[in-house]
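the following comprises the amino acid sequence and a computationally predicted model.
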Amino acid sequence: MPDLIDTHCHLNDEKAFPDPAAEITFAVANGVKRMIVVGTHPEDWPKALELAQRFPQIHAIVGWHPNYTAPYDPASLPWLEQLLANPKVVALGEIGLDYHWDYAPRDIQHRALRDQLLLAKRVGKPVVFHAREAYADLLDVLEESEPHPYLFHCFAGNAEEARRGVALGAYFGVDGPVTYKNAEPLRAVLATIPSDRLVVETDAPYMTPVPFRGKPNRPAFVRYVNDSLSTTLALTTDECAALTTANAERFFGLGR
């Protein structure tokens, strides 16, 4: 199988991954040549960047995750901009809107979202989104301005929301839920998305794929996401791995 890229994981979660070096070694042994680690709030950003600087297989993305925006302060943006200038930081994210939880007021989520979108466009970095029960509102915001390189992490929207994302030129992250028995509606939506817009992710330690569901997720398990997606797209596993790796390299600007 061609090498895979886990485009979204949380190896900087020290409780879940007390030995990230061992986890990276295990992933590489299972064909995962690169992993993108996500910093979700200011205290988390340095941990993501530190891993990216220590390990050649790691890149980072940093941003204000909507669930952590209750204390959002625009004064943090110059530091965020400084981090984005680092060549090992390949995108701003994961930012967006989350209406499922009430960890942060919606008006603050929207302010942080819009501020960060302006920053990403100013510095020319791609953007990775988190959306939960909020795709319509997020898409409304994105459709107000010219398209930019966007990726919807762990896409779980409906066919119309996928269509709107495709019209923006967005990419779509596919995670463990694609392997679940009851995920036929998700697989049907993914089949409508151009295959050159799809990447595979784990969101480790969350959303573990079958056959390890119920256990902590690991970047090495992205191969099971790829296997399920290959069936959805009527590709071989090797074809799907080559496709999603090329898509990730293109979106994030990663050299081979």
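Cool, got the structure.

when you work out contacts or count neighbours from here on, use the C-alpha atoms and nothing else.
Fine.

low pLDDT regions in the stretch 151-256 of the chain?
Counting by pLDDT under 70, the stretch 151-256 of the chain has low-confidence residues at 256.

any idea where the helices of it begin and end?
Counting by DSSP state H, counting those that start in this stretch, one finds helices in the stretch 151-256 of the chain at the ranges 159-167, 184-190, 222-232, 237-252.

deepest-packed of those helices, please.
Of all the helices of the stretch 151-256 of the chain, helix 222-232 carries the top mean neighbour count, a mean of 22, counting by mean count of other Cα atoms under 10 Å.

neighbouring contacts of that one?
4, 6, 30-32, 174-176, 178-179, 187-188, 190-191, 200-202, 209-210, 236-237, 239-241 (Cα atoms under 8 Å, 6 or more residues apart in numbering).

I'd like to know which of those are part of strands.
With strands taken from DSSP state E, the overlap with the contacts of helix 222-232 comprises Leu4, Asp6, Val32, Val174, Val200.

count the residues that sit near the spatially closest residue to the third one that is not a sequence neighbour.
Yep, that's Val32 we're talking about. With Cα to Cα, 6 or more residues apart in numbering as the criterion, Val32 has its nearest non-adjacent residue at 4.6 Å, and that residue is Leu4. Look at Leu4: counted by other Cα atoms under 10 Å, it has 30 neighbours.

before we move on, the earlier item: of the ones in strands among the contacts of helix 222-232, closest to Thr40?
Checking those against Thr40 by Cα to Cα gives Asp6 as the nearest, at 16.9 Å.

returning to what we had before: pLDDT at the residue nearest to Val32, what is it?
Per-residue confidence at Leu4 stands at 98 (pLDDT).

show the contacting residues for the residue of the chain most remote from its centre.
Note on the chain: the largest C-alpha distance from the chain mean falls to Ala75, namely 25.0 Å (Cα atoms, centre = their mean). Contacts were defined as Cα under 8 Å, 6+ apart; by that measure Ala75 touches no other residue.

list the buried ones in stretch 5-16?
Neighbour-count burial for stretch 5-16 flags Ile5, Asp6, Thr7, His8, Cys9, His10, Leu11, Asn12, Asp13, Ala16 (criterion: 16 or more other Cα atoms under 10 Å).
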